Structures are given as C-alpha cells and as structure tokens.
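Chemist: here's a sequence, model it:
(one chain, ligands or ions: 1)
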Amino acid sequence: MWRRGILRRSSAAREPGLRFRWASTACRAVVVPRFGGPEVLEVRGAVAVPDLKPREVLVRSRAVSINPLDLRMRSGYGRSIFEPLLPIILGRDVSGEVAAVGSSVSSLTVGQEVFGALHPTAVRGTYTDYAILSEDELTLKPPSLSHEEASAIPFAALTAWRALKSTARISQGQRLLVLGGGGAVGLAAIQLSVAAGCSVTTTCGSQSIERVLAVGAEKAIDYTTEDIESAIKGQFDAVLDTIGIPETERVGINLLRKGGHYMTLQGEAASIADRYGLTVGLPAATAILLKKQIQYRYSHGIEYWWTYMRADPEGLDEIRRLSGAGKLQIPVDKTFPITEVREAHRVKEKRLIPGKVVLEVD
Ligand SMILES: NC(=O)c1ccc[n+]([C@@H]2O[C@H](COP(=O)([O-])OP(=O)(O)OC[C@H]3O[C@@H](n4cnc5c(N)ncnc54)[C@H](OP(=O)(O)O)[C@@H]3O)[C@@H](O)[C@H]2O)c1
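Modeler: The predicted model follows:
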C-alpha cells in the first residue's frame, strides 16, 4: 500500500513576504532510482517536496500524461544530466489545482485549476501528488476540458509551438509538411498551423488518417502503404519532422522551397552528451549542428534546425485559448491510475496504445 504524504501550511505562512510558503515536506511520487525498463519505476509514499522559490507554484496534480521523453529518461536518455541526480521524478505534463504559490507569483491563486508542462531537463517531474512548476509554465485550464484531456496537451503543443512560431515563424497562407502527424506533437502542429491560416500535408499510419484529417490536415499520406516521396507534391515553406530518421530528413529537405525551414525533433545534443559527457558532448553537438546548417544552406538554400520544447508563456496562453475553443485537441486513448505506472509505460513503449496515455492522480 502506498502512503500519501501530507502537506500543511507552515507557521512561516504568517510571516511577511512568505505568505504562501509551505513547510512540509513529503508526498507520493513515481521515481526512477536507476535507469531501465518499466520495472524500475517505483511509487514512493514520502518523497520530499522542496520549499517554493518566489516564482514557483505548487500544483495538486489530478492527471499527468506520458510523453516519449518520460520513457527515454527512464531508460537512461539524458544520463549525462540525470545520472548524478538519481532518484529523479519522471513527468513533464500536468493538470491540477494550485495548492500554494511562491511570494512573487502574481497571475495565479490557490484553488485555481491549471495545466502546463516542465521543460525537458527539469529534475523534479510531474508524476507526483504535488508538482512544482514556475508561474510561466502554467496557465488556467479551460473549464470545458477534463484534467485528463488538459494534461495531454501542453508539452506536445509547446514543442510544436516553438518549432512553428519561434523557429519557422509561420504565417498565413504558407504550406507546411508535418512528418509524423499522427502523434501528439504532430497533431498539435497541424492544429496550430491551421489556426495560423496555413495549409498542412502530413504523413501518418493508417489508423491515424481520419484523426489528422479531422483536425484540419489537407492531405494525409499513409507512410505504411505509400511511397511518401512520390505521394507528396509541391514545395513547402516549413517541414516539421517528428520522426527524424535519415529518410524523413532527406525527403523533408528535398521538399522545401529555398529559404524554407527543416525542423527535426530528434536533435542529437542529449545523445552526444550522454556518449561523451557534457563537457565534450555539448560543444561537439553544437559543431555537428553548425556543420549541417552550413551544408544545407549551401546545398539546398534551406535553414536546418534541431528544435526542442521550451516554456513560452505567450505560446501557452494561445494553447489555452485554442484548446478552450475546441481548436486544439490531443485525444486521450487510455488512462491508468498512477499506481499502475509500470503497466502504462509498458503499453506505451510496446505501442499497444497508439495515442496518448494519461495517469490519473486521485
Ligand atoms: N525535441 C523535443 O523537445 C521533443 C519534444 C517532444 C517530443 N519529441 C520527440 O518527438 C517524437 C514524437 O513525440 P510525440 O509526443 O508526438 O509522440 P507520440 O504521441 O508517441 O507519437 C509518435 C507517432 O509517431 C508516428 N510515427 C512513427 N513512425 C513514423 C513514420 N515513419 N512516419 C510517420 N509517422 C510515424 C506514429 O504515428 P501513427 O500512429 O500515425 O503511425 C506515432 O503515433 C518522439 O520521438 C519524441 O521523443 C521531442
């Protein structure tokens, strides 16, 4: 049986400047004590809850969605950063209620329903009764969405937002190609592009065709039955490649107009740092990226990017607006109680469930 930790308002709550500080101290969380398969995941009953920094918010989690990054971190991806910090708490996305706020938080108050996502290198994740995010990483949850639905959105949508809006700076009337439109980031990218007035072609598996067309893709190509290179016509202003294998990179780059942006989600910075250590790996990764950028600018006249999720208050606000209006949805295909996190990771890893899997935090 898992013990639930208890949070109490501290006596410090009455001190000026520390109005919203919470003193204690422990709660339930899913931790990774060592890297490995789903069996390494442990639900622990008394994991420390640090004091809030001035801009931080304590969120009573109600639902957390599983991202591919969670599976990869559990298996050792990012070990150059995370290994010295084990045990770590997994999880990026969360939807829940504000339980406490740091002394400088001005946009949120205790009791409000919120959703948001941590950045990829955050060490204390969201698979816990009480998650800590900065004010900038949270926004109000639209009342029309359940916590489960809301938790599926922010990490994927902010990843798509960063690529499309911050990197490619897409604008009305442009043509976009999303390679891998059937996943969470792909679906978010289609919907954000459509909301920006762009037309979208995408590749996906047979079971995702209806889904991508329903959210606004103009054309969907089934990568399992069609040769995507000959099926895709014309040139594009931007390509978001969620798959990032050599074949999708080659096809994506060849389909760009001059000056267009190719953006892959499979940047190599973390894997190179894992192999060679942070000190050697990060500069090496930067050099590899720079070389590719110069090479593609010279050979194809295009801009080449590795793009990563990043917190973006403006993006999160737009994501809240669109999801509240029903214009940005990421369907939840299966939910599990958080105590069944090992099984949830197992089905996601074996791709037994194609779409989003969410953990319910009671
Ligand atoms: N760089 C970053 O900061 C960042 C952030 C978020 C995610 N990511 C990465 O981006 C990828 C997608 O993330 P996600 O959250 O969208 O994952 P997801 O929801 O699990 O979706 C993955 C989808 O990829 C599709 N797929 C697999 N092989 C394909 C191929 N050859 N062609 C077209 N589609 C293919 C599958 O779609 P079908 O079901 O249609 O076959 C699958 O549903 C993951 O590798 C993740 O690690 C990176």
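
Chemist: make it CA atoms for all contacts and neighbour counts henceforth
Modeler: Will do.

Chemist: from the ligand, how far off is the residue nearest the centre of the chain?
Modeler: Geometric centre of the chain, nearest residue: residue 155, 2.5 Å, by Cα atoms, centre = their mean. Residue 155 is 7 Å from the ligand, where distance means Cα to the nearest ligand atom, to the nearest Å.

Chemist: swap in residue 338?
Modeler: Distance from residue 338 to the ligand, by Cα to the nearest ligand atom: 19 Å.

Chemist: same check, this time on residue 289
Modeler: 14 Å.

Chemist: on the three-state scheme, that residue is what?
Modeler: What DSSP: H, G, I helix; E, B strand; the rest coil gives for residue 289 is helix.

Chemist: that one: neighbour count?
Modeler: 18 (other Cα atoms under 10 Å).

Chemist: ok, residues contacting the helix or strand hosting the residue nearest to the centre of the chain?
Modeler: Using DSSP states H and E, residue 155 maps to helix 154-161. By Cα atoms under 8 Å, 6 or more residues apart in numbering, the surrounding residues in contact with helix 154-161 are 92-93, 115-118, 184-186, 188-189, 192, 307-312, 315-316, 319.

Chemist: which strand residues bridge the residue nearest to residue 238 when sequence neighbours are not counted?
Modeler: Of all residues not flanking residue 238 in the chain, residue 261 sits nearest, at 4.6 Å (Cα to Cα, 6 or more residues apart in numbering). Taking DSSP bridges as the rule, residue 261 bridges to residue 238, residue 303.

Chemist: so residue 261 touches residue 235, yeah?
Modeler: No - applying Cα atoms under 8 Å as the test, residue 261 and residue 235 come out as separate, 11.6 Å apart.

Chemist: ok, those two, which is more surrounded?
Modeler: residue 261 (27 against 18).

Chemist: for the more buried one, what are its contacts?
Modeler: So residue 261 contacts 168, 237, 238, 239, 302, 303, 304, 305 (Cα under 8 Å, 6+ apart).

Chemist: burial measure for the fifth one, as a count.
Modeler: Same thing as residue 302. Neighbours of residue 302 (other Cα under 10 Å): 23.

Chemist: hang on, residue 136 is in a helix, isn't it?
Modeler: Yes - counting by three-state DSSP, residue 136 is part of a helix.

Chemist: for residue 108, see how far away it is.
Modeler: Using Cα to Cα, to the nearest Å, residue 136 is found at 10 Å from residue 108.

Chemist: more neighbours: these two, which one.
Modeler: The neighbour comparison of residue 136 against residue 108 (other Cα under 10 Å) goes to residue 136, with 20 against 17.

Chemist: my read: the more buried one touches residue 313, true?
Modeler: Yes - Residue 136 is within contact range of residue 313, at 5.4 Å (criterion: Cα under 8 Å).

Chemist: near the ligand, which residues of the stretch 1-150 of the chain are found?
Modeler: By the rule Cα under 6 Å from any ligand atom, the part of the stretch 1-150 of the chain lying against the ligand is 67, 68, 69.

Chemist: need the contact list for the first one.
Modeler: For residue 67, the contacting residues are 91, 92, 356, taking Cα under 8 Å, 6+ apart as the criterion.
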